[in-house]
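# The following comprises the amino acid sequence and a computationally predicted model.
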Amino acid sequence: MNALQIIHEAVRKHVQNGDFCIDATAGRGNDTLFLSNLVGNSGHVAAFDIQPEAIASTENLLRQHEKNNFTLYCESHAKMKNYFPEETISCIMFNFGWLPKGRHDIFTKAETSLSAVEQGLHLLRSGGLMTLILYYGRENGFSERDALLEYLPTLDSNCYTVLEMPFVNRKNCPPIPILIWKEK
Ligand SMILES: C[S@@+](CC[C@H](N)C(=O)[O-])C[C@H]1O[C@@H](n2cnc3c(N)ncnc32)[C@H](O)[C@@H]1O
């Protein structure tokens, strides 16, 4: 099992036909497509990325699969609160890091990631799920991971259940999958 498979298992169980979901880091569009399949034609997926190349890849992938239930924003996820009402989103996925097969000098950063996670928690409906995958230790360093791992334990346990799942028998900075449920 890798971090993405663990996250997909949780999202698959959670997301229903007709839901509104956000892919906060569109990249090559794999998670956007995954969410688009889960929400079906009556649902919708919004996906954010700061790189036009990522938005174009995501658009191509979803068009290849004949999807119409998505909107793409070439915009930082740190602006996402401007686009949706609070308490309306069923699931928000963050897959941090850099664009697969893209530049390694453009990647998610502590300050914007933290702000986006905070905003996302307000956007989640009660009972909603947020997923994070943290990458660290290479070009992207440790500051984003450290900022998020410092922030998450401060969330009120009456409002959120936070599960951090580090791999304990893998070497070389394995990604960390995290699940956050907003209590009902
Ligand atoms: C690991 S990739 C995402 C992979 C993607 N989910 C997929 O299925 O291919 C991380 C993406 O986050 C994007 N990113 C970096 N900073 C961002 C920001 N502030 N807002 C939105 N996206 C950002 C990068 O451009 C990159 O495409």
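Arrived safely. Numbers count the residues shown, from 1 in each chain.
# right, is the strand ranked longest in the chain up against the ligand?
In terms of residue count, the longest strand belonging to the chain (DSSP state E) is strand 124-134. No - where contact is defined by Cβ under 6 Å from any ligand atom, no part of strand 124-134 touches the ligand; the two come within 7.7 Å at best. Every C-beta, even on glycine, is put in place using the N, C-alpha and C of the backbone.
# Give me the buried stretch members for the helix or strand just after that strand, please.
In the C-terminal direction, the helix or strand that comes right after strand 124-134 (DSSP states H and E) is helix 143-151. If you call a residue buried by 16 or more other Cβ atoms under 10 Å, then helix 143-151 has these buried ones: E144, R145, A147, L148, L149.
# Distance to A10 and pLDDT added to those residues, as a markdown table?
Written out in a markdown table, the entries for the buried residues of helix 143-151 read as follows (distance: Cβ to Cβ, whole Å; pLDDT from 0 to 100):
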| residue | distance to A10 | pLDDT |
| --- | --- | --- |
| E144 | 21 | 97 |
| R145 | 20 | 97 |
| A147 | 23 | 98 |
| L148 | 18 | 98 |
| L149 | 19 | 98 |
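# Give the burial count for D156, as a bare number.
Other residues within reach of D156, judged by other Cβ atoms under 10 Å, total 7.
# Phi and psi next, for it.
Main-chain dihedrals, D156, degrees, to the nearest 10: phi -60, psi 120.
# In this protein, what residue comes closest to the ligand?
Distances from the chain to the ligand, computed as Cβ to the nearest ligand atom, single out G27 as the nearest residue at 2.5 Å.
# Mind giving me the packing neighbours of the one helix or strand E111 maps to?
In the assignment (DSSP H and E), E111 maps to helix 110-123. Counting contacts by 3 or more Cβ pairs under 8 Å, 6 or more residues apart in numbering; DSSP states H and E, the secondary-structure elements packed against helix 110-123 are strand 89-95, strand 124-134, helix 143-151.
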